[in-house]
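> only geometry, no sequence info:
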Ligand code: SF4
């Protein structure tokens, strides 16, 4: 399981709070997801972050 963050991210930081193992804010103040597979123990919180994103900016990479 991997995620990507789309351009409509507004940098609110909610995903970083919910799942810091996967999401972080970059130098532009937008969220980015780790490039590697999500660690199994972080999958639940990563999905919570995706569902909770107010801009629907987080998508799974299929
Ligand atoms: S929750 Fe959504 S809008 Fe907020 S920083 Fe994360 S990806 Fe961006």
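Arrived safely. Since the model is a prediction, treat every value here as computed from it, not as a measurement.
> which residue is nearest the centroid of the protein?
residue 23 (4.4 Å; C-alpha atoms, centre = their mean).
> just checking, what packs against the helix ranked longest in the chain?
Using DSSP state H to define each element, the chain has its longest helix at helix 43-52. Other helices and strands packing on helix 43-52, by 3 or more C-beta pairs under 8 Å, 6 or more residues apart in numbering; DSSP states H and E, are helix 14-18, strand 58-61. For the C-beta atoms, the positions are set from N, CA and C on the backbone; glycine is no exception.
> Output the set of residues of this structure in proximity to the ligand.
For the chain, the contact set with the ligand under C-beta under 6 Å from any ligand atom comprises 5, 9-15, 31, 53-55, 57-58.
> ok, of these, which come out buried?
Burial by neighbour count, 16 or more other C-beta atoms under 10 Å: within the residues of the chain next to the ligand this picks out 5, 9, 12, 14, 15, 31, 53, 57, 58.
> Wait, the last one touches residue 38, no?
No: the pair formed by residue 58 and residue 38 falls short of the contact definition of C-beta atoms under 8 Å, at 11.6 Å.
> Confirm for me that residue 30 is in contact with residue 8.
No: Residue 30 is beyond contact range of residue 8, at 9.6 Å (criterion: C-beta under 8 Å).
> Which one's more surrounded, these two?
More neighbours surround residue 30 than the other of residue 30 and residue 8, with 16 against 11 (other C-beta atoms under 10 Å).
> Okay, the spatially closest residue to that one that is not a sequence neighbour and residue 41: tell me how far apart.
Ranked by C-beta to C-beta, 6 or more residues apart in numbering and with sequence neighbours excluded, the top spatial neighbour of residue 30 is residue 9, at 4.6 Å. Distance, residue 9 to residue 41, by C-beta to C-beta, to the nearest Å: 24 Å.
> Then residue 56?
Distance from residue 56 to residue 41, by C-beta to C-beta: 25 Å.
> These two: which has the busier surroundings?
Between residue 56 and residue 41, counting by other C-beta under 10 Å, residue 56 is the more crowded of the two (11 against 8).
> Give me the spatial nearest neighbour of that one, chain neighbours excluded.
Nearest non-adjacent residue to residue 56 (C-beta to C-beta, 6+ apart): residue 8, at 7.4 Å.
> Fine by me, we can end here.
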